[in-house]
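**Q** Build the 3D model from these lines:
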Amino acid sequence: MIRLEHSPLGVEALDDGGCPDPIVRAMLPEIARANTLFGGRAAAMFGAARLLDGVPAGSHLTLLDVGAGRGDLSRALVRLAGRRGIALTAVALDNHRVAAALARGPGVSPVLAGAEALPIAVDGVDLVLASQFLHHFSRPSAAALVREFDRLARVGVVICEPRRTPLAAAGIWAAAQVLGFHAVTRRDGVLSVRRSFTPSELAAVLADAGVSGMVQRRWGFRVVAWWRSARAHG
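**A** Just a heads-up that it's a prediction; the model follows:
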């Protein structure tokens with residue numbers, strides 16, 4: 001059990017597993033659409049591809065997607081691995097029942113649970129993905145989560161976050177207006193950026209966790225960190 005504290009910079013609707021179902025049902029497809037249009041999915045696939053490099057065709061791997069929402073990234077990574085001849089089975093973990101109901105799909109099994117008590121044993125999965133998740137927590141809690149992800153992953157970990165800049169905050173607000181997103185999605189999109197990381201800040205979180213990883217900017221105002229487990233072979 002990890003004691004986690006939310007970011008002091010504000011509260012997003014999806015911080016709370018008790019967020020009303022209609023709001024969650026409205027927000028999750030919009031978040032998935034924004035991921036597709038503005039680099040979130042591409043960032044996750046970029047990091048995962050780095051970890052899959054060198055994995056031989058015919059391998060069978062497992063993925064834990066923490067804060068998976070409706071499971072769109074889990075499904076994308078299952079397809080990415082499949083194109084490389086790798087059978088990937090994903091566990092899409094989220095703390096809201098609506099997300100768990102929406103995440104199920106080919107190769108993806110939903111689990112309703114919170115990050116403070118991840119239902120996975122040490123070295124229990126091959127890959128861990130945390131996309132747009134760490135910024136929900138204080139910096140010490142983010143470092144604690146990074147340490148936990150590293151303990152769980154046999155092969156490696158990918159973390160994707162919005163890259164915090166004033167232009168990114170303005171851009172997500174404008175794009176959400178044009179796309180007709182729910183008012184809560186618009187508000188929380190801006191707050192996500194405000195709570196998130198610059199590349200140097202994300203690197204500092206990894207360092208605080210005792211992890212050595214690559215941190216890189218990606219298009220769409222994204223920052224990606226990835227690293228191989230010290231216990232990985234190859």
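**Q** Identify the residues contacting residue 126.
**A** 61, 62, 63, 153, 154, 155 (CB atoms under 8 Å, 6 or more residues apart in numbering). (C-beta placed from N, C-alpha, C; glycine too.)
**Q** Same question for residue 51.
**A** Going by CB under 8 Å, 6+ apart, the list of residues near residue 51 reads 127, 155, 156, 158, 226, 228.
**Q** number of nearby residues for the second one?
**A** Taking other CB atoms under 10 Å as the neighbour definition, residue 155 ends up with a count of 23.
**Q** what does the third one give?
**A** By the measure other CB under 10 Å, the count of residues near residue 156 is 23.
**Q** Give me the spatial nearest neighbour of residue 143, chain neighbours excluded.
**A** Excluding the flanking residues, the one nearest residue 143 by CB to CB, 6 or more residues apart in numbering is residue 208, at 4.0 Å.
**Q** Residue 141 too?
**A** Residue 141 sits nearest to residue 4 (CB to CB, 6+ apart), 4.4 Å away.
**Q** Buried residues of stretch 19-29, list them for me.
**A** For stretch 19-29, the buried set under the neighbour-count rule, 16 or more other CB atoms under 10 Å, comprises 19, 23, 24, 26, 27, 28, 29.
**Q** Show me what the helix or strand where residue 187 lies is packed up against.
**A** Applying DSSP states H and E as the criterion places residue 187 in helix 183-195. For helix 183-195, the elements it packs on are helix 21-37, helix 166-178, judged by 3 or more CB pairs under 8 Å, 6 or more residues apart in numbering; DSSP states H and E.
**Q** out of those, nearest to residue 191?
**A** helix 166-178 (8.8 Å; CB to CB).
**Q** Cheers, nothing more for now.
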